[in-house]
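Chemist: just coords:
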């Protein structure tokens with residue numbers, strides 16, 4: 001391990017033996033070489049430990065730490081404690097990096113003295129392929145970018161001339177200082193969301209790139225690709241956590257209500273309406289109605305500034321909470 005690394009990469013590892021070597025190869029292929037990678041083995045029961053050991057023997061920049069299975073958030077938090085770099089990057093072990101990811105992000109965060117650099121990604125809709133095309137080669141100093149020196153909340157999922165910020169933790173390089181006092185909520189899905197908003201509350205000086213620097217592979221076993229009672233309950237937990245962060249900031253709270261809160265509830269409503277299991281639909285819709293009422297009482301789902309495109313969804317939420325009927329695109333479903 002480099003004794004004075006510029007960048008520390010944190011990579012939790014759990015049940016990814018099929019993808020791990022490809023991910024680690026992408027780390028070794030980085031054109032920016034002054035980094036360390038903290039590989040947190042989260043009690044993976046497969047061959048991940050052996051794979052990590054082989055790479056650590058080949059490259060001293062690889063550091064392995066092992067814990068009992070405690071989940072992604074705890075693995076990231078524990079990985080943070082082992083870092084020594086000036087900048088922090090979070091990598092998911094079933095994805096992989098463009099060879100110039102660290103080079104590009106480091107160039108912009110240092111040249112423009114920023115706290116965060118955001119970028120985009122290549123998204124593939126298959127689990128594994130040997131036919132991924134060669135990565136494009138970038139002339140880093142010529143890449144278009146946007147500077148944000150005020151709140152980044154209005155830029156979340158809002159594309160302006162191609163520039164946009166997303167929740168994904170791996171779509172950013174961070175300064176160590178801006179992450180002081182911020183950690184991932186443990187035991188929940190959607191852990192990137194409260195982490196992002198805690199970061200945004202600090203108004204980080206930010207560069208936004210519209211350049212893809214990361215390969216996001218949709219893994220059918222990934223925690224982002226399934227839907228269950230826990231996913232639904234964790235969504236509510238996440239939304240209340242964001243409420244606590246921003247409830248005393250009316251201007252940005254308005255952006256969050258119009259964007260994240262309404263989008264999240266709309267998406268879950270659609271998933272519940274599409275369920276085939278009647279008993280599951282009854283329970284999920286009841287929980288949805290109760291949480292909608294709670295959010296309304298907290299001012300999280302106001303109507304007076306709601307964009308017209310969400311108005312029909314708001315009416316559906318109201319009907320469900322008051323009458324027990326769930327509207328789908330075709331037909332009506334009763335709780």
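Modeler: In hand now; what should we look at? Since we're looking at a predicted model, the values are computed, not measured. Numbering: from 1, shown residues only.
Chemist: what number of residues lie near the spatially closest residue to residue 184 that is not a sequence neighbour?
Modeler: Closest residue to residue 184 apart from its sequence neighbours, by CB to CB, 6 or more residues apart in numbering: residue 73 at 3.6 Å. Quick note: C-beta positions are derived from backbone N, CA and C, even for glycine. The number of residues packed around residue 73, counting by other CB atoms under 10 Å, is 20.
Chemist: check for me that residue 73 belongs to a helix.
Modeler: Yes: according to DSSP: H, G, I helix; E, B strand; the rest coil, residue 73 belongs to a helix.
Chemist: stretch 38-55: end-to-end distance?
Modeler: 12 Å (CA to CA, to the nearest Å).
Chemist: for it, buried residues please.
Modeler: 38, 39, 40, 41, 42, 43, 44, 48, 49, 51, 52, 55 (16 or more other CB atoms under 10 Å).
Chemist: kindly report the same for stretch 180-200.
Modeler: 182, 184-185, 188-200.
Chemist: now swap in stretch 137-153 and tell me
Modeler: Taking 16+ other CB under 10 Å as the criterion, stretch 137-153 shows 138, 140, 143, 145, 146, 148, 151, 152, 153 as buried.
Chemist: give me the neighbour count for the spatially closest residue to residue 227 that is not a sequence neighbour.
Modeler: Take residue 227 and drop its neighbours on the chain: the residue closest to it by CB to CB, 6+ apart is residue 271, 5.5 Å away. Residues near residue 271, counting by other CB under 10 Å, number 13.
Chemist: show me where the chain has its strands.
Modeler: In the chain, the strands defined using DSSP state E lie at 7-13, 35-41, 62-66, 87-90, 96-97, 116-124, 145-148, 172-175, 206-217, 325-327, 332-334.
Chemist: dump those strands into CSV; add mean pLDDT and distance to residue 284 as well.
Modeler: Shown next, in CSV, are these (pLDDT from 0 to 100; distance: least, CB to CB, whole Å):
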stretch, mean pLDDT, distance to residue 284
strand 7-13, 98, 29
strand 35-41, 98, 33
strand 62-66, 97, 37
strand 87-90, 98, 31
strand 96-97, 95, 35
strand 116-124, 89, 28
strand 145-148, 96, 38
strand 172-175, 98, 32
strand 206-217, 94, 28
strand 325-327, 60, 9
strand 332-334, 41, 11
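Chemist: what's residue 43 sitting at in phi/psi?
Modeler: phi 70, psi 40 (degrees, to the nearest 10).
Chemist: distance of the closest residue to residue 114 other than its chain neighbours from residue 288?
Modeler: Of all residues not flanking residue 114 in the chain, residue 205 sits nearest, at 4.6 Å (CB to CB, 6+ apart). Relative to residue 288, residue 205 is positioned 38 Å away (CB to CB, to the nearest Å).
Chemist: out of the two, which sits in the busier spot?
Modeler: residue 288 (23 against 18).
Chemist: skipping its backbone neighbours, what lies nearest that one in space?
Modeler: Residue 288's closest residue in space is residue 272 (CB to CB, 6+ apart), at 6.1 Å.
Chemist: so the one you found is in contact with residue 286, correct?
Modeler: No: Residue 272 is not in contact with residue 286 according to CB atoms under 8 Å; the separation is 10.1 Å.
Chemist: between those two, which has more neighbouring residues?
Modeler: residue 272 (22 against 14).
Chemist: low-confidence ranges in this protein?
Modeler: Scanning the chain for pLDDT under 70 picks out 1-3, 124-130, 158-162, 219-226, 303-314, 318, 321, 323-335.
Chemist: all good on my end, thank you.
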